[in-house]
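Participant: Predicted coordinates and the sequence they were generated for:
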Amino acid sequence: YKKGRVQEVVNRILPLAVSFDDDQALDCWAFGEQCSYLGEVGLNNYADFIDTVQGGWRKWQLGARTNNEAGVMKAVTDFYQNDGLNVPVYILFISDGGVRDTRGITKIMTEAAKLPIFWQFVGLGGRSYGILKDLDDMTGRLVDNCSFFELDDLDDVSEEALYENMLEEFPSWLKEAREIGLIQK
């Protein structure tokens with residue numbers, strides 16, 4: 001956060017959100033021990049979003065500096081289920097590693113495979129991504145609803161390569177989700 005890396009992520013992914021979403025915005029969460037919905041990031045508020053939304057990142061009430069991926073995954077899934085899921089949802093989930101709750105994450109991703117939600121996991125500048133690296137090959141799901149790639153640094157990848165990685169499996173998921181009736185044709 002201090003070095004502006006999280007804001008850089010927002011800046012780099014916003015063009016994808018603008019092209020995906022009718023409102024030209026993305027919903028944003030932050031998480032540690034707890035998670036918090038930060039609101040929408042769009043063309044009118046993306047500059048300095050991380051330093052300004054809800055008083056800035058230093059004031060977010062996220063609990064201990066430990067990652068509870070399963071908690072935020074459940075909150076995100078519930079958020080979109082409550083919204084009605086009338087369109088496919090693409091989740092970009094950024095992690096700096098230290099993933100521990102294999103059982104909780106596996107359970108949530110298995111249940112989420114029944115929904116029109118695709119999860120793109122990105123390991124960024126960390127290590128120990130655990131189950132996030134293995135989700136793509138996980139069995140027991142209705143449909144393969146996720147993908148993973150990792151980068152040491154966003155500066156190491158061009159916009160084109162970043163978007164190619166982010167969208168690599170999404171089209172095939174869309175096709176399969178339509179074929180099995182998760183998404184209305």
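Facilitator: Sure thing, it's come through. Residues are numbered from 1 along each chain as shown.
Participant: what's downstream of the longest strand anywhere in the chain, the next helix or strand?
Facilitator: Taking DSSP state E as the criterion, the chain has its longest strand at strand 117-127. Next helix or strand after strand 117-127 toward the C-terminus (DSSP states H and E): helix 131-134.
Participant: In that next one, which residues are buried?
Facilitator: Residues 131-132 are the ones in helix 131-134 that count as buried (16 or more other C-beta atoms under 10 Å). Just so you know, the C-beta spots here come from the backbone N, C-alpha and C atoms, and that holds for glycine as well.
Participant: If you count contacts, what does whichever helix or strand comes after that helix end up packed against?
Facilitator: The helix or strand immediately downstream of helix 131-134 is strand 146-151, counting by DSSP H and E. Judged by 3 or more C-beta pairs under 8 Å, 6 or more residues apart in numbering; DSSP states H and E, strand 146-151 is in contact with strand 117-127, helix 131-134.
Participant: Alpha carbons only: can I get strand 146-151 in PDB?
Facilitator: C-alpha atoms of strand 146-151 as PDB (Å, rounded to 0.1, in the frame of the first residue of the first chain):
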ATOM      1  CA  CYS A 146     -11.300 -20.300 -12.000                       C
ATOM      2  CA  SER A 147      -7.800 -19.700 -13.200                       C
ATOM      3  CA  PHE A 148      -4.500 -18.600 -11.700                       C
ATOM      4  CA  PHE A 149      -1.300 -16.900 -12.800                       C
ATOM      5  CA  GLU A 150       1.400 -15.100 -10.900                       C
ATOM      6  CA  LEU A 151       3.700 -12.100 -11.400                       C
END
